[in-house]
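> please work out how this folds:
(2 chains)
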Amino acid sequence: AQSVTQPDIHITVSEGASLELRCNYSYGATPYLFWYVQSPGQGLQLLLKYFSGDTLVQGIKGFEAEFKRSQSSFNLRKPSVHWSDAAEYFCAVGPKTSYDKVIFGPGTSLSVIP
Amino acid sequence: EAGVAQSPRYKIIEKRQSVAFWCNPISGHATLYWYQQILGQGPKLLIQFQNNGVVDDSQLPKDRFSAERLKGVDSTLKIQPAKLEDSAVYLCASSPATHTIYFGEGSWLTVV
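Below you'll find the predicted structure:
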């Protein structure tokens, strides 16, 4: 069955520290991969996406993610976290065929200590 | 470029009442989605339109939820009658042919 796992429900980091949010997926073939961020009371905003090519992708707000096919993972990283990064982060996968649905993980809540 | 527009942003209704949410996608986006997001969970797809047609409505509770997309642009999601467990954020989203989904800010529903 197709699924997305985000093992960490909640993470707390200090401002200025590095961050890594984990994402693992189960899929029949290499899917499209996405990370979205949701601030309180807001909709989801796309941080970055992987379709093909270079397995290290850069996104907005200083985020990057690395696709590792052997581990079925797509972990999100940021070298130095800012207080404004506190939010909910969702990993998502979508098939490379048309018209099929994108599946979202359960999310990881990030708290930032000043 | 204007984003996905949704209204109303907030709605409180009593159980067994009805409610409707409206969505205007990004201009030119053929695919429109309605997601339900319960507090503390990831979004769950309710229905996906490709232009006027329904691509996937397998998780739409059809006994109480309905959705339509007129002329391949705007869409309306209706719940009738509402249950307590329908309290959630209803996210409308749209995408072009690239699978990248763009979300609106959501419509927050509380059923009391």
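
> got the contact list for the closest residue to residue A:1 other than its chain neighbours?
Excluding its sequence neighbours, the residue lying closest to residue A:1 (Cβ to Cβ, 6 or more residues apart in numbering or on different chains) is residue A:26, at 6.8 Å. Just so you know, the C-beta spots here come from the backbone N, C-alpha and C atoms, and that holds for glycine as well. Taking Cβ atoms under 8 Å, 6 or more residues apart in numbering or on different chains as the contact definition, residue A:26 lies against A:1-5, A:72.

> selecting buried members of those residues in ChimeraX, what would you type?
To isolate the buried subset of these in ChimeraX, counting by 16 or more other Cβ atoms under 10 Å in any protein chain shown, use the following:
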select /A:4,72
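
> middle-most residue in chain B, spatially?
residue B:34 (3.1 Å; Cα atoms, centre = their mean).

> so that one belongs to a strand, correct?
Yes: counting by DSSP: H, G, I helix; E, B strand; the rest coil, residue B:34 is part of a strand.

> name the nearest residue to it, ignoring sequence neighbours.
residue B:46 (4.5 Å).

> what's the separation between that neighbour and residue B:38?
12 Å (Cβ to Cβ, to the nearest Å).

> and these two? Which one has more around it.
residue B:46 (20 against 13; other Cβ atoms under 10 Å in any protein chain shown).

> pretty sure that one is touching residue B:59, no?
Yes: counting by Cβ atoms under 8 Å, residue B:59 is a contact partner of residue B:46 at 6.0 Å.

> thinking again about what came up before, ok, the contacts of residue A:26 vs chain B, which is closest?
residue A:4 (7.8 Å; Cβ to the nearest Cβ).

> got a pLDDT number for that closest one?
You'll see residue A:4 listed with a pLDDT of 93.

> now swap in the one 3 residues further on and tell me
According to the predicted model, the pLDDT of residue A:7 comes to 96.

> that one sits in which helix or strand?
Taking DSSP states H and E as the definition, residue A:7 sits outside all helices and strands.

> mind listing what it touches?
Residues near residue A:7 by Cβ under 8 Å, 6+ apart: A:22, A:24.

> roughly how far does it sit from residue A:114?
Separation of residue A:7 from residue A:114 (Cβ to Cβ): 26 Å.

> now residue B:90
34 Å.

> looking at these two, which one has more neighbours?
residue B:90 (24 against 6).

> across the sheet, point out what pairs with the more buried one.
residue B:36, residue B:107 (DSSP bridges).

> my guess is it meets residue B:38, correct?
No: the criterion here is Cβ under 8 Å, and residue B:90 misses it with residue B:38 at 10.6 Å.

> which residues of chain B lie near chain A?
Within reach of chain A by Cβ under 8 Å from any Cβ of the partner chain, chain B has these residues: B:4, B:31, B:40-45, B:48, B:50, B:55-56, B:91, B:93, B:97, B:99-106.

> report the buried members of those residues.
Buried among the residues of chain B next to chain A (16+ other Cβ under 10 Å): B:4, B:31, B:42-43, B:45, B:48, B:55-56, B:91, B:93, B:99, B:101-106.

> tally of neighbours for residue A:60?
10.

> if I look at it, how far off is residue A:66?
16 Å.

> tell me which strands the helix or strand bottoming out on mean pLDDT in chain A pairs with, and in which orientation.
Taking mean pLDDT, DSSP states H and E as the measure, the helix or strand of chain A with the lowest value is strand A:103-104, at a mean of 89. Strand A:103-104 sits in its sheet next to strand A:87-94 (antiparallel), going by DSSP bridges.
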